[in-house]
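Visitor: Build me a structure from this.
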Amino acid sequence: MKADEFDSIIFDCDGVLIDVTKSYDTTINKTISYVLKEIANITVDTPLTSEILLRFKSTGGFNDEIDITYSGILCFIAAEKLNKDPTELILDVLNKADDSGIAYIENFLSKIDVDISDVKARLDYPSTDKNDLIHSTFDQLFFGPELYSKIFQKKSKFSEKGFIENDNVIVNSDLIEALKKRFSDKIAIVTGRGFNAISSSLKEILNQFNVENSVFLEDESRDLAKPNPQSLIRSMKGLDSKNCLYVGDSMEDMILAQKASELGFQATFCGIYGSGKLPEVKKKMFIEKNTPFILESINFLPKALNLV
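Guide: Sure thing, here's the model as predicted:
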């Protein structure tokens, strides 16, 4: 696909518009640590390494950070019951993981000699009202007491500032204005984040995107989660786009674009690898998957699209 053939550009958020290494990634580990101590009296400071976090996201089934959190908790408790090193168990679990996410994790653990039914019952994840222990803990830690209270109309049990304040915003107004010369108002977002989370970090920059035809999956039904292509298709339809460039940073983003194309909505994937702690590993993954466009940062998009 030639760079001048796209009529719209649609972005993922985390790892693309925002570097979330010190926000979402940190919240995953802090939530796992809190819940493990709360329900199993297991103490661990940094449960998931950067490598393991990337391994989860490379399966194509873990666009939702809270799914990674839940899976990490199950694996740690299973390892405790098996008297096994938790990191080794997690790597075993992820070795042949597919894009079915937590269903794969639960199925794998059910086939080995360990009973975690009591843990699953207590966690009750995912709950329809998102009021289970994992969701509520994650949201309180991520948003912080003030924003959590504003969004959920509840008081947080934590007093520390939210890790959302560690979001490192990569996108800027100059970049969007440069893209508008080609795409006009056909610049949107399809992200696993909710609207409150993305607007809190992007602030006025968000208004430069076509928000009406963007999709914020945390606010949608769970069955729309990536890599289900319907969110991207909805955005493309709203933009009246026949040929979009979808800019993401993960395997589920790539699968999302592929599935949309298979359904007749032409979407070409652009893989961003520069944010996060293991950029060269991510770059290698995109190369091995024959990704059409591979860029270190969205800041190289104008050059890649022949706009400068």
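Visitor: Now do the strands in the stretch 201-308 of the chain.
Guide: 215-216, 243-248, 266-272, 293-295 (DSSP state E, counting those that start in this stretch).
Visitor: Pipe those strands into CSV and attach distance to I151, mean neighbour count and mean pLDDT per row.
Guide: Heads up, the C-betas are built off the backbone N, CA and C, glycines and all. CSV is the format used below for those (distance: least, Cβ to Cβ, whole Å; neighbours: other Cβ atoms under 10 Å; pLDDT from 0 to 100):
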stretch, distance to I151, mean neighbour count, mean pLDDT
strand 215-216, 13, 20, 98
strand 243-248, 25, 25, 98
strand 266-272, 28, 24, 98
strand 293-295, 33, 19, 97
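Visitor: Could you check these and tell me which one is nearest E177?
Guide: strand 243-248 (16.6 Å; Cβ to Cβ).
Visitor: For the closest one, which strands pair with it and how are they oriented?
Guide: Note on strand 243-248: by DSSP bridges, its sheet partners are strand 8-11 (parallel), strand 266-272 (parallel).
Visitor: Indicate which one of those strands is closest to T69.
Guide: T69 lies closest, by Cβ to Cβ, to one member of the strands paired with strand 243-248: strand 266-272, at 23.3 Å.
Visitor: Mind listing residues that contact that closest one?
Guide: For strand 266-272, the surrounding residues in contact (Cβ atoms under 8 Å, 6 or more residues apart in numbering) are 1, 6, 10, 15-16, 229, 232, 236, 242-249, 253-254, 256-258, 260-261, 282, 286, 291-298, 301, 304.
Visitor: hmm, try it at 6 Å
Guide: Strand 266-272 has contacts (Cβ atoms under 6 Å, 6 or more residues apart in numbering) with 1, 16, 243-247, 249, 254, 257, 260-261, 286, 291-295.
Visitor: Kindly report the same for stretch 152-164.
Guide: The contact list for stretch 152-164, computed with Cβ under 6 Å, 6+ apart, reads S23, T26, T27, Q140, F142, F143, G144, P145, L147, Y148, S149.
Visitor: Switch the strands paired with strand 243-248 over to TSV; also include distance to E38.
Guide: Converted to TSV, those look like this (distance: least, Cβ to Cβ, whole Å):
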stretch	distance to E38
strand 8-11	36
strand 266-272	36
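Visitor: nearest to K96, of those strands?
Guide: strand 266-272 (22.7 Å).
Visitor: Tell me which of the strands paired with strand 243-248 sits nearest to F76.
Guide: strand 266-272 (30.4 Å).
Visitor: Just the CA trace of that closest one, in CSV.
Guide: Extracted in CSV, the C-alpha atoms of strand 266-272 (Å, rounded to 0.1, in the frame of the first residue of the first chain):
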residue,chain,number,x,y,z
GLN,A,266,-9.3,-1.7,4.0
ALA,A,267,-7.0,-0.9,7.0
THR,A,268,-3.3,-0.9,6.9
PHE,A,269,-1.3,-1.3,10.1
CYS,A,270,1.5,1.0,11.2
GLY,A,271,3.5,-0.4,14.1
ILE,A,272,5.0,2.0,16.6
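Visitor: how distant is that strand from the center of its chain?
Guide: In terms of Cα atoms, centre = their mean, to the nearest Å, the gap separating the centre of strand 266-272 from the centre of its chain is 16 Å.
Visitor: Stretch 39-57 too?
Guide: On the basis of Cα atoms, centre = their mean, stretch 39-57 sits 16 Å off its chain's mean C-alpha point.
Visitor: Quote the end-to-end distance of that stretch.
Guide: One end of stretch 39-57 to the other measures 26 Å (Cα to Cα, to the nearest Å).
Visitor: Only the buried residues of that stretch, if you could.
Guide: For stretch 39-57, burial by neighbour count (16 or more other Cβ atoms under 10 Å) applies to I42, P47, L48, I52, L53, L54, R55, F56, K57.
Visitor: any idea whether the last one is helix, strand or coil?
Guide: Which is K57. Secondary structure assignment for K57 (DSSP: H, G, I helix; E, B strand; the rest coil): helix.
Visitor: Kindly provide the distance from the residue most central in space within the chain to K150.
Guide: With distances taken as Cα atoms, centre = their mean, the chain has N63 as the residue nearest its mean C-alpha position (3.9 Å). Per Cβ to Cβ, to the nearest Å, N63 is found 25 Å from K150.
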